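[1] the sequence and its predicted three-dimensional model are supplied below.
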Amino acid sequence: MSRLLYRMGRWSAAHGKLVLIGWIVVLVLLAGLSRIVGGHVTDQFELPGAESQAAADLLEERFPAVGRSSATVVMAADDLRAHSEQVSALAAGLREVPGVVAVGDPWRGVAPSGEVLQFPVNFSKQAEQIDAGTWDLVVAEVEAVRGPTLQVELGGQVASQVAQTGPGGTSEFIGVAVAVVVLILVFGSLLAMGLTLLTALLGVGISLSAILLVAAAINVPTTAEILALMLGIAVGIDYALFIMSRHRENLVAGMDVEESIGRSLATAGGAVVFAGSTVVIAMLGLIVVGAPSITTMAFAVAFAVIVAVAVAVTLLPALLGMAGRRLAAPTLPGLRNRRPVTGGTNLGTRWTTWVARRPWLSFGMAVLAMLVLAVPLLDLETAFPSAASAPEEATHRRAHDLIADGFGPGFNGPLLMVVDHAGLTPDEATEAVADIRSSVGGDPNVGFVVPGASSPAGDTTLVQAIPLTGPADAATKDLLERMRVEILPDVESTYGIEVYVAGPTALDIDLTKQLNDRLPWVMVVVIGLIFVVLMLAFRSLLVPLKAAVGILLSIGAALGIVVAVFQWGWGASVLGVDGTIAIISFLPVMSFAILFGLSMDYEVFILSRVREEWLRTGDARESVIKGVGATARVITAAAAIMTAVFGGFLLGDSPVIKMIGLALAVAVLLDATVIRLVLVPSTMVMFNRANWWLPRWLDRILPHVDIEGERILDELESPE
């Protein structure tokens, strides 16, 4: 690998313009195609094999006139009857909107107080496929009747989909702006900063364009696009930073530009490829979850990382070759005396020396701090996001609150029973449905049961159970379990029918349960695979074991902080979050995979330098001091950039995006500081030579992986 990267670096440097033009053509083609034939990301999740998914499939098959998605119109006034003309005009106007297939009777959904009513608007397309023109017409009809004494809001699936900001807001640009400042401080050169940033942004553009093309054929979750954006920017900048730093060290040492680029690719470039591979491996471990939407998220993030690696080892060398020796030293006033450090004592070595002299104290303090931060994780509650977690100014949030106040919280999460009574006579079907209503209605957490429509063929009936509690409430989950395990099976066996419990609430609960159940398996697969990869790379059993423990500590501490902020409400108002909300269901499993992969970046870059010193000197303690000291400045800068990129998303509007941003930002910060600069050096000093122990029989059968290009460097530096 290192020999291939060496040749690739030299070739790219010699053919810089050709490589640059090639990548620009790829970007333009993908961006153009994504605008012409690309699809849309969606919030629609699927879970094959789950009862709620089977019910949804049956519902779509037997109720084609219901439509593919819906919005809910909510109207509120002190006296709705006084606004009957506006209510009727709105319903009539919505029926004329192209793409609307049905509008419910507003007066059938009036709250007992008479101050709130709701009715559905069904569309012919899925929520993410509804064009802006159609939605603008719906909004225009609402605006035409809204007034000082009549509140009108839009809720439901379509309104929530439209409200998704996704990529394109200002939050990511704030993170990039901070990254620009850090890069300038690290390099002291606008040119070095610009080349590093250019490669990252070009890679992100390619990744997002490709994701939208894929979305034309399959469902791609909105979160997949957001995570690809987050990770694409973060790792794209970091990978370019590592290669750029090694190249500038070589230039300062007097090396020829093309040779420097080749050696930088063979060494730091090899570490980039290896680190990117660990992220991809970790993401692909999410396939174990068995949910297509989670798998799609994993592939989207993995693809973004692969593109970032490809750009870093091809386009960046081309740009470095075009820049020549202008990158050798800082050029900005005030930073010109800060040349790249190639050896000697620096802040990193002084800090590591302090830790090495007090390994047990450093180890104990680091572990204690991480465990304390992880304590809130014991109170973790997960659920899928609902309108209740949206900003208060959002129309779908106001619609949600009006429904909860006027009808009760359960109306925001009804449990839809799809009764398949094919084979029964009409009288028998009527009796069976009546028995279902009676049995389910007797549950203490059911407010009432609403009879629904029958399919055109008369073989299926819809029945809604309205809980007394909201969709994310634990009592609603318990009710769903009782309906499926205790209540409905008796009715099914009595009449020989099938009853499926469906609806968004049931699907969210099913997916949450599967994510929680599969998390241990994901952890086993990801940790196992990366343990093997690290063992191959560093010829050690202790190194991958300590890496796994350290990463688990940083992930646990980060999720503990997320629970404290969002679930307990500690400091939530500072982040612009109203009240407390449950942790998004896929955050634990997704953050585990992402952070396990990302933390390997720092592990690889630090330990490859430590191992290089160990192989050269055989001194375990000094190899730790020199290896960590040599990489501390770059690792700190890389972590600051990645933390800034993730932290920038805290300034967005969506609490879900804030939650993801906080988890990733805190985990990276803790991993790059407490774990990499305290726990890793202290444990390596404690274990001394045992760090690099590997049974001889295992060493013989394992293939050798040359991350930092030691072999090719020996060949290049050896006399002819």
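    On my side now, so go ahead. Numbering: from 1, shown residues only.

[2] now the longest helix along the chain: buried residues?
    The longest helix of the chain (DSSP state H) is helix 504-538. For helix 504-538, a neighbour-count test (16 or more other CB atoms under 10 Å) marks 504-515, 518-519, 522-523, 525-527, 529-531, 533-538 as buried. The C-beta positions use only the backbone N, C-alpha and C, and glycine is treated the same way.

[3] what does stretch 280-295 give?
    Of all the residues in stretch 280-295, those buried under the rule 16+ other CB under 10 Å are 280-286, 288-291, 293-295.

[4] straight-line length of it, end to end?
    End-to-end distance for stretch 280-295, by CA to CA, to the nearest Å: 12 Å.

[5] by mean pLDDT, which helix or strand of the chain comes out lowest?
    helix 710-717 (a mean of 60; mean pLDDT, DSSP states H and E).

[6] ok, back up a step: out of the buried residues of stretch 280-295, which comes closest to residue 71?
    Nearest to residue 71 among the buried residues of stretch 280-295, counting by CB to CB, is residue 293 at 21.9 Å.

[7] what's the domain layout of the protein?
    Under the assignment automatic domain parsing, the domains of the chain span 2-38+166-384+509-717, 51-163, 415-502.

[8] out of those domains, which is the most enclosed?
    Most buried of those, by mean neighbour count (mean count of other CB atoms under 10 Å): domain 2-38+166-384+509-717, with a mean of 20.

[9] how far does it sit from the chain's center?
    15 Å (CA atoms, centre = their mean, to the nearest Å).

[10] quick check, residue 291 in contact with residue 45.
    Yes: Residue 291 sits in contact with residue 45 when judged by CB atoms under 8 Å, with a separation of 7.2 Å.

[11] circling back to that earlier point, out of the domains of the chain, nearest to residue 398?
    Across those, closest to residue 398 is domain 51-163 (CB to CB), at 4.5 Å.

[12] sorry, back to before: could the domains of the chain go into TSV alongside distance to residue 390?
    Conversion of these to TSV gives the following (distance: least, CB to CB, whole Å):
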stretch	distance to residue 390
domain 2-38+166-384+509-717	7
domain 51-163	7
domain 415-502	13
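
[13] for residue 407, find the nearest of those.
    Residue 407 lies closest, by CB to CB, to one member of the domains of the chain: domain 51-163, at 5.2 Å.

[14] could you find the closest non-adjacent residue to the residue most central in space within the chain?
    Centroid-nearest residue in the chain: residue 227, 4.1 Å away (criterion: CA atoms, centre = their mean). Leaving aside its chain neighbours, residue 227 sits nearest to residue 301 (5.1 Å; criterion: CB to CB, 6 or more residues apart in numbering).

[15] who does the helix or strand encompassing the one you found touch, helix- and strand-wise?
    Taking DSSP states H and E as the definition, residue 301 sits inside helix 292-323. Counting contacts by 3 or more CB pairs under 8 Å, 6 or more residues apart in numbering; DSSP states H and E, helix 292-323 is packed against helix 2-14, helix 16-37, helix 190-215, helix 222-252, helix 257-264, helix 270-284, helix 587-617.

[16] got the ones you listed as a markdown table, with distance to residue 394 and mean pLDDT columns?
    Listed next are the helices and strands packed on helix 292-323 as a markdown table, based on distance: least, CB to CB, whole Å; pLDDT from 0 to 100:
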| stretch | distance to residue 394 | mean pLDDT |
| --- | --- | --- |
| helix 2-14 | 47 | 88 |
| helix 16-37 | 27 | 93 |
| helix 190-215 | 24 | 91 |
| helix 222-252 | 15 | 87 |
| helix 257-264 | 48 | 90 |
| helix 270-284 | 31 | 86 |
| helix 587-617 | 21 | 81 |
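
[17] any chance of the ones you listed in a markdown table, plus distance to residue 500?
    Putting the helices and strands packed on helix 292-323 into a markdown table (distance: least, CB to CB, whole Å) gives the following:
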| stretch | distance to residue 500 |
| --- | --- |
| helix 2-14 | 54 |
| helix 16-37 | 36 |
| helix 190-215 | 28 |
| helix 222-252 | 27 |
| helix 257-264 | 59 |
| helix 270-284 | 32 |
| helix 587-617 | 26 |
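
[18] and those: which comes nearest residue 642?
    Comparison of the helices and strands packed on helix 292-323 against residue 642 by CB to CB identifies helix 222-252 as nearest, at 4.3 Å.

[19] for that closest one, packing partners?
    With 3+ CB pairs under 8 Å, 6+ apart as the test, helix 222-252 has helix 171-187, helix 190-215, helix 257-264, helix 270-284, helix 292-323, helix 587-617, helix 620-648, helix 655-670 packed against it.
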